[in-house]
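**Student:** Below: sequence and its predicted model.
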Amino acid sequence: MKFYLSMAVINCPNCKKKISDKAKSCSHCAIDLTKVDAEKMASMKKVDKINQSQTLMNHSFIAMLLFCGGFLFLFSQDAQQGTWQYVISIGSAVIGFILYIVTRVRLVMLKYRN
C-alpha cells in the first residue's frame, strides 16, 4: 500500500496567485513567505482593500460620467424622440445609472466584508 503526501495549494498573501503551502517564497512575486507574520498579513490585506476601494471609486466616477454625459448630450443636441441621438443619450444615461448603483452596492459590500 502506497501513501501519497499531498501538498495544499494556497493563495499568495501578496499577489493572490496559487502557490504550494510548503513554498518558502512565491514563485510569481518573489515575496519571502518565511518573513510574513500576522501583522504583515493584516497590512497587506488593508492595502489590498484600499486598492479595491479605489478601483471601485474609479468605476463609480466613470458610471457617473456616462449618466451625466447622456443627459447633457440629450439636452445640448435637443434630440427628438426616435432619433439615434435620443436613443444613444438615453441609453448612456440608463447604463450609467445602473452601473453607478451596482458599483455603490459593491463599495458598501467591500466596506463591511471582513
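**Tutor:** That came through fine. Numbers count the residues shown, from 1 in each chain.

**Student:** Identify the residue spatially nearest to residue 53, adjacent ones excluded.
**Tutor:** Distance criterion Cβ to Cβ, 6 or more residues apart in numbering; nearest residue to residue 53, sequence neighbours excluded, is residue 110 at 6.0 Å. Every C-beta, even on glycine, is put in place using the N, C-alpha and C of the backbone.

**Student:** In this protein, where's the longest helix?
**Tutor:** helix 38-76 (DSSP state H).

**Student:** pLDDT (mean, whole number) over that one?
**Tutor:** Mean pLDDT, helix 38-76: 92.

**Student:** hang on, the earlier thing: where does the residue nearest to residue 53 fall, secondary structure wise?
**Tutor:** Using DSSP states H and E, residue 110 falls within helix 84-112.

**Student:** now the angle from that helix to helix 38-76?
**Tutor:** 160 degrees (axes from the mean of the first three to the mean of the last three Cα atoms, to 10 degrees).

**Student:** on that earlier part again, any idea of the pLDDT on the residue nearest to residue 53?
**Tutor:** Residue 110 is given a pLDDT of 92.

**Student:** got the contact list for it?
**Tutor:** 49, 52, 53, 56 (Cβ atoms under 8 Å, 6 or more residues apart in numbering).

**Student:** quick one: which of the residues you listed is nearest residue 103?
**Tutor:** residue 56 (5.7 Å; Cβ to Cβ).
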